[in-house]
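Visitor: need the 3D shape of this:
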Amino acid sequence: KPRMTYILSGRGTKDVLNPKDRSINFRVYRCFFDGCVAPTAPPVPKGRPEKAKLWSKASDWDCPASSEHVCNRKPVDKDDVRIEPQWWMVLDEKTKKLGRLWVFGVLELENGRDHELTADLIFVSGLNGMLIVGWPDKPMLNNVLIRLTGDWKTTDLPLNDGPNVGAKSLAIFSRAQFIGRPRSLYWTELAETVPVGGKEIKLVNASDWGPGDKIVISTSSFESQEAETFTVQFVSNDGKTLTVVEGAKHKHTASSHDIGGRKFTMSAKVGLLTRNIKIEGIDDPPGALGNQSFGGRVLVGKYTQGGLTYRGRAQFRDVQFKKMGQYGWNEPYDPRFALAFLNTGSVEGNESFVEGCSFDFNYNCGLGVFGVNNLTLKDNVIYHAMDTAIWVDGSENKIIRNLMVNTIALWNWKRTLYGDRQDTLFRAALDIKGAKNYHLIGNVVAGAEKIGMSTRLNSPHTLNSYAVLCSQNKTTHTAPPTPSPN
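Guide: This next block holds a predicted model:
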């Protein structure tokens, strides 16, 4: 057994044969690291190194023989895969359906080819951990589909001194960047009314939308769920007229008004849902979506292990989150939303942001930000969220030009899951009442079954400063919840 001997010199004692008792302040420090200095993460790489590994090359999967993960061969179906801390692995071929993918080094999806990556869990952590899908100066222009699998019975992943990652998750505790094909327009308004059965949609602004793109048009009534999605078939040369495949089931209006010389429009909003990078929760096992409303989740968080704290930083630009969020887990300490940033502190520079993304049919809140400061949420479209589309606390966060369409009452969705309970939680589609020093500019809530926006404005009677800048925000067509056809 380890032993320690503590020796007293006896200096200053006059009678060394009969020493007096002394008070000793004995301290022992246990260091995890050499010299008690914790290692720091390396700088963000600017590009791929020359000696990168290739997923398609079996010899590049060299690792210790004692490893429980893939060694000296390419991954096969249902493998648990580990990207080692010293690796820079380039995904350059079609992958099998994986179990858990642990990314402690760098995993880069090669630009110039389509990708489909399916896994129960993708976990990005460590000092060197990084997931790269496109670069800021070279966006991913091909199609990327990241599919998350699992249901209520899938083994979850609770972390010591950190959040519960859960199941069917993409968890980021280091760095990640998802930079998709940029779009010139994310959402706009109708220029002309679309009648029932109509297939021609005229826009106020010119778009770069194309055939096959999916769009959403907000309700023009007090029924939030009269929002509709359409598939674009043709686009006019000026980008302002769309012909869609499906005829409109409801009337969507566009009108101009003049009251006392003040002119304004009241028009349904039109948002683009399609992006070339998709992160999707799929119905695997069968019933995960239809019976359990258990979609995927993306978590950017923080945890501590072995004396080190691992903090997530993530850039999302032009990404589509599809069938995400997990019904019922809607507390800020365990936000199983489509995308949640949790307790990562202040954003430094542009290490994290959510810009130009779409949230296409969510089984929970679309986008949550808790314990995070100075994060920018801009030009995002959130369609079909539960109770809340965007929920933000923290300080200095910027919420700019986001469109929220058809935010429905939580207990009004799939009542058979939890029974016909009374819904007494009146949350808002845009909830920032816990935020301070925020910037709130040009956001629109278009259809909410509860409250449109919930916030605190500055008061001359208190010292609290809530809004640094608040302008041009709109709430349209909110109404009490009605029974869902689902």
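Visitor: ok, Glu83 to Val133 distance?
Guide: You called it Glu, but residue 83 is Ile. 14 Å (CB to CB, to the nearest Å). Quick note: C-beta positions are derived from backbone N, CA and C, even for glycine.
Visitor: meant to ask about Asp334
Guide: 26 Å.
Visitor: so Pro285: helix, strand or coil?
Guide: Following DSSP: H, G, I helix; E, B strand; the rest coil, we place Pro285 in the coil state.
Visitor: who touches it in this structure?
Guide: Thr149, Gly150, Asp151 (CB atoms under 8 Å, 6 or more residues apart in numbering).
Visitor: one step back: who has more neighbours, Asp334 and Val133?
Guide: Val133 (25 against 14; other CB atoms under 10 Å).
Visitor: so what sits opposite that one in the bridge?
Guide: Phe178 (DSSP bridges).
Visitor: that one contacts Asn143, correct?
Guide: No - look at Val133 against Asn143 with CB atoms under 8 Å: they stay out of range, at 11.2 Å.
Visitor: Gly307: neighbouring residues, count only.
Guide: 12.
Visitor: quick check, central residue of this structure?
Guide: Leu339 (2.4 Å; CA atoms, centre = their mean).
Visitor: does that one touch Val354 like I think?
Guide: Yes - counting by CB under 8 Å, Leu339 does reach Val354; the two are 6.9 Å apart.
Visitor: what about Lys138, distance to Lys251?
Guide: Lys138 is 44 Å from Lys251, by CB to CB.
Visitor: for the closest residue to Ala52 other than its chain neighbours, give me its contacts.
Guide: Among residues not flanking Ala52 along the chain, Trp88 sits closest, at 4.4 Å (CB to CB, 6 or more residues apart in numbering). By CB under 8 Å, 6+ apart, Trp88 lies in contact with Arg48, Pro49, Lys51, Ala52, Lys53, Gly105, Val106, Glu108.
Visitor: rerun at 6 Å
Guide: When contacts are counted by CB atoms under 6 Å, 6 or more residues apart in numbering, Trp88 touches Pro49, Ala52, Val106.
Visitor: which secondary element of this structure has the worst mean pLDDT?
Guide: Within the chain, confidence by mean pLDDT, DSSP states H and E is lowest for strand 467-471 among all helices and strands, at a mean of 62.
Visitor: shaky segments in this structure?
Guide: By pLDDT under 70, the low-scoring segments of the chain are 1-2, 10, 16, 28-41, 64-68, 414-424, 457-473, 475-486.
Visitor: now do the helices in it.
Guide: Counting by DSSP state H, the chain has no helices at all.
Visitor: ok, Gly349 - how many residues close by?
Guide: Using other CB under 10 Å: Gly349 sits among 9 other residues.
Visitor: same check on Thr265?
Guide: Counted with other CB under 10 Å, Thr265 comes out at 12.
Visitor: of Lys138 and Lys251, which one has the most company?
Guide: Lys251 (16 against 10).
Visitor: and the more buried one, what does it touch?
Guide: Counting by CB under 6 Å, 6+ apart, the residues that Lys251 touches are Pro195, Val196.
Visitor: tell me how far it lies from Lys433.
Guide: 34 Å.
Visitor: same question for Val347.
Guide: 21 Å.
Visitor: could you do Cys365 as well?
Guide: For Cys365, the distance to Lys433 - CB to CB - is 14 Å.
Visitor: more neighbours, those two?
Guide: Using other CB under 10 Å as the criterion, Cys365 and Lys433 rank with Cys365 on top: 29 against 15.
Visitor: the more buried one against Ile390, yeah?
Guide: No - the criterion here is CB atoms under 6 Å, and Cys365 misses it with Ile390 at 7.7 Å.
Visitor: neighbours of the nearest residue to Leu190 once chain neighbours are set aside, how many?
Guide: Nearest non-adjacent residue to Leu190, counting by CB to CB, 6+ apart: Ala254, 3.9 Å away. Neighbour count for Ala254, taken as other CB under 10 Å: 19.
Visitor: who is Ala254 paired with across the strands?
Guide: Applying DSSP bridges, one finds that Ala254 bridges with Ser267.
Visitor: now do the contacts for it.
Guide: Here Ala254 is in contact with Leu190, Ala191, Glu192, Thr193, Ser267 (CB under 6 Å, 6+ apart).
Visitor: take those residues and write them to CSV, including neighbour count.
Guide: Below are the contacts of Ala254 laid out as CSV (neighbours: other CB atoms under 10 Å):
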residue, neighbour count
Leu190, 22
Ala191, 16
Glu192, 17
Thr193, 15
Ser267, 21
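Visitor: looking at these, which are in strands?
Guide: Ser267 (DSSP state E).
Visitor: surely Asp379 touches Tyr186?
Guide: Yes - using CB under 6 Å, Asp379 is in contact with Tyr186, at 4.6 Å.
Visitor: now do the shared contacts for the two.
Guide: By CB under 6 Å, 6+ apart, the residues touching both Asp379 and Tyr186 are Gly356.
Visitor: ok, back up a step: among the contacts of Trp88, which are located in strands?
Guide: Those of the contacts of Trp88 lying in strands (DSSP E): Val106.
Visitor: by neighbour count, which of the contacts of Trp88 wins?
Guide: Val106 (25 neighbours).
Visitor: distance of that one from Ser174?
Guide: Distance from Val106 to Ser174, by CB to CB: 10 Å.
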